[in-house]
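>>> Sharing a sequence plus its predicted fold:
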Amino acid sequence: MLWIVGALAAAWLVIWSQTRGTRPAAQEPHAFTRAEIASYRAALPKYLLGASVCLLLGGAHSLLVQLPAVRMWLEGAGEASYLLVEGVRQQLVVVGGVVMLSMGLTCYALPSLIGRPVRHHNLARLSFVLVLSGVLLTALMTATIGLLEGFYIHAGGTYAAARTWLGPWERFPLWLFVGARDAGYWTFALLVALTVYSGRNIIWPRHRRRLTLWLLLSAGALFLVGWHSILHALPGNPLLLPQADAATLLVSPAGYEHLHLGAGAWVPVALATFVYLLERRAERRTDWQRAYRVLGWLAAAAFLSFLLRLEENLSGSLPLAAALHTALAPWQWLVQGAGGLLFLAALAAYVACVVSLTRASRS
């Protein structure tokens, strides 16, 4: 896994150095035309198509695993059923559907916030290809490995024996394709950071620029998801729970999906909604400031939920986390309840703001 990451990092460095020298920052114009700003919006349909295909496949998969005959077979497959149900569902629905949609909406909203087009169209295309191909191939390999292990268990073997039987072929294809997906995440995070940095000298309303903070945090969440996979691949990782086996993840599935869905996907979707509604009416600074606050609540709620899951998981392996967990134990229900209420309040504020802006745009 590490050599894959190293090779991709070297490729990014080459691309960045080559494209950076084609247009020095001193020659950046202080204003772009509306056509130039919206130049990459024509690529939004391909993100929507990719997300739709993944959601369609995820829906067909969910229907298939609920069939009575399939459910009986999965119950007899033991631990291998987790790969066939949750593993495939997470790739197709959470990553392929929701995150792919958020990537497209980020490319839609970001130019309107900083007054310049996406910094590198080739980098955007590369991230799209890596994420989509990585998601589909990871889902396919996860299902294949789960089926092979399930047939082995139905033949009378154990799950441990099935993993030993597959040997390195159980992990290597997943490392390869998950590495491609995570490379797409990191490429997209680099694209967002470069675009925001390149627009620093462009004359544009400040109340619009402020909203790019939440897109940067969203890109950072996708960057953390990539590190999640690397830490999972490291043998003898000290951050793994001591009472679990080597397949345990640093972050529980709940916290992992808070990064994917909450910070990495939900924030860009909400921001793109605000950009679409606010551009249909007169430029009012108070409306943009209100959207900024609502997005801040959404991002804070998502990261708080992730940190709570992280603290809970690390309490069994790190002394500092264990001490913090012990100190918070009497108030654990209150902290978790406050995090849930914060997220519900942020969603309520978002819905109220969208309804208000929709009504105002029609009047």
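Perfect, thanks for sending it. Numbers count the residues shown, from 1 in each chain.
>>> show me where pLDDT drops low in the stretch 101-250 of the chain?
226-250 (pLDDT under 70).
>>> Check whether the most far-flung residue of the chain relative to its centre sits in a helix, strand or coil.
For the chain, the largest distance from the centre (CA atoms, centre = their mean) belongs to G156, which lies 38.6 Å off. The three-state label given to G156 by DSSP: H, G, I helix; E, B strand; the rest coil is coil.
>>> Mind telling me what element the nearest residue to G264 once chain neighbours are set aside is part of?
Once flanking residues are discounted, G264 sits nearest to A221: 4.2 Å by CB to CB, 6 or more residues apart in numbering. (Each C-beta comes from the backbone N, C-alpha and C, glycine too.) Taking DSSP states H and E as the definition, A221 sits inside helix 212-233.
>>> what packs against the strand or helix carrying A291?
Applying DSSP H and E as the criterion places A291 in helix 285-314. When contacts are defined as 3 or more CB pairs under 8 Å, 6 or more residues apart in numbering; DSSP states H and E, helix 285-314 packs onto helix 206-209, helix 212-233, helix 253-257, helix 267-278, helix 319-328, helix 332-362.
>>> Need the residues that contact the one helix or strand T164 maps to.
Using DSSP H and E, T164 sits in helix 159-166. With contacts defined as CB atoms under 8 Å, 6 or more residues apart in numbering, helix 159-166 is touched by G78, E79, A80, I145, L148, E149, Y152, I153, G157, E170.
>>> Give me the buried positions along it.
Under the neighbour-count criterion of 16 or more other CB atoms under 10 Å, helix 159-166 has A162, R163 buried.
>>> following that helix, which helix or strand comes up?
Next element after helix 159-166 (DSSP H and E): helix 172-198.
>>> Quick one: list the elements packing against that next one.
Using 3+ CB pairs under 8 Å, 6+ apart, helix 172-198 sits against helix 2-20, helix 100-114, helix 121-154, helix 212-233.
>>> tilt between the second one and helix 121-154?
Per axes from the mean of the first three to the mean of the last three CA atoms, to 10 degrees, the angle that helix 100-114 makes with helix 121-154 is 160 degrees.
>>> any idea how far helix 100-114 is from the chain center?
14 Å (CA atoms, centre = their mean, to the nearest Å).
>>> now swap in stretch 94-106 and tell me
The answer for stretch 94-106 is 8 Å, by CA atoms, centre = their mean.
>>> Quick one: residues in contact with that stretch.
Contacts for stretch 94-106 (CB under 8 Å, 6+ apart): 43-44, 46-48, 50-51, 53-55, 57-58, 127-128, 131-132, 135-136, 139, 181, 188, 192, 215, 218-219, 222, 257, 260-261, 264-269, 271-272.
>>> What subset of the residues you listed is buried?
By 16+ other CB under 10 Å, those give 43, 47, 50-51, 53-55, 57-58, 127-128, 131-132, 135-136, 139, 181, 188, 192, 215, 218-219, 222, 257, 260-261, 264-269, 271-272 as buried.
>>> care to break this protein down by domain?
What the record gives for the chain is the domain set 33-204, 206-363, from automatic domain parsing.
>>> Could you say which of those domains is packed most deeply?
Highest mean neighbour count among those (mean count of other CB atoms under 10 Å): domain 33-204, with a mean of 19.
>>> So what's the gap between that one and the chain middle?
Domain 33-204 sits 9 Å away from the centroid of its parent chain (CA atoms, centre = their mean).
>>> I figured L92 hits S52, correct?
No: the pair L92 and S52 fails to qualify as a contact (CB atoms under 8 Å) at a distance of 11.5 Å.
>>> what stretches of the stretch 251-363 of the chain score poorly on pLDDT?
In the stretch 251-363 of the chain (pLDDT under 70), the answer is 251-260, 282, 309-329, 332-333, 335, 363.
>>> make it 80
251-265, 280-283, 302-340, 361-363 (pLDDT under 80).
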